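Participant: this one's structure only:
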């Protein structure tokens, strides 16, 4: 993995775009493959690490601010948002970047701050309706 995201012992500390909740991210091996592990309190979500480069490439192509539109897996994602792209059949992985059935959503909440921390994107940090764009 070319990004310095941290380990289970020393994860990367992040905050949600509004700055209201803290969570961590790190890379871990599962079944011989790297996965992104997002720990939000006692909830643990898994994401495909390809999401980092793929989201950055999509934002560069988009060339403008894009609404995050975070939503749980069970709720529909607003069209034209980062969340909708993160579960779309037309993205590079052909669907969900979330790997844990039932907890595949919230892509638009937890991946954007990671890209910001890695210097790949910038985010707005409002109470609601946050957006991001590639750097």
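Facilitator: That came in fine, so what should we check first? Source: prediction; values computed, not measured.

Participant: what distance do you get for residue 48 to residue 64?
Facilitator: 25 Å (Cβ to Cβ, to the nearest Å). Every residue, glycine included, has its C-beta placed from N, CA and C.

Participant: between these two, who's got more neighbours?
Facilitator: A count of neighbours by other Cβ atoms under 10 Å puts residue 48 above the other of residue 48 and residue 64, at 19 against 8.

Participant: show me the contacts for the more buried one.
Facilitator: 35, 36, 93, 97, 98, 99 (Cβ atoms under 8 Å, 6 or more residues apart in numbering).

Participant: number of nearby residues for the nearest residue to the fifth one once chain neighbours are set aside?
Facilitator: Okay, so that is residue 98. The shortest distance from residue 98 to any non-neighbouring residue, by Cβ to Cβ, 6 or more residues apart in numbering, is to residue 104 (2.8 Å). By other Cβ under 10 Å, 20 other residues sit near residue 104.

Participant: thought residue 104 was touching residue 93?
Facilitator: No - applying Cβ atoms under 8 Å, one finds residue 104 not in contact with residue 93, separated by 11.7 Å.
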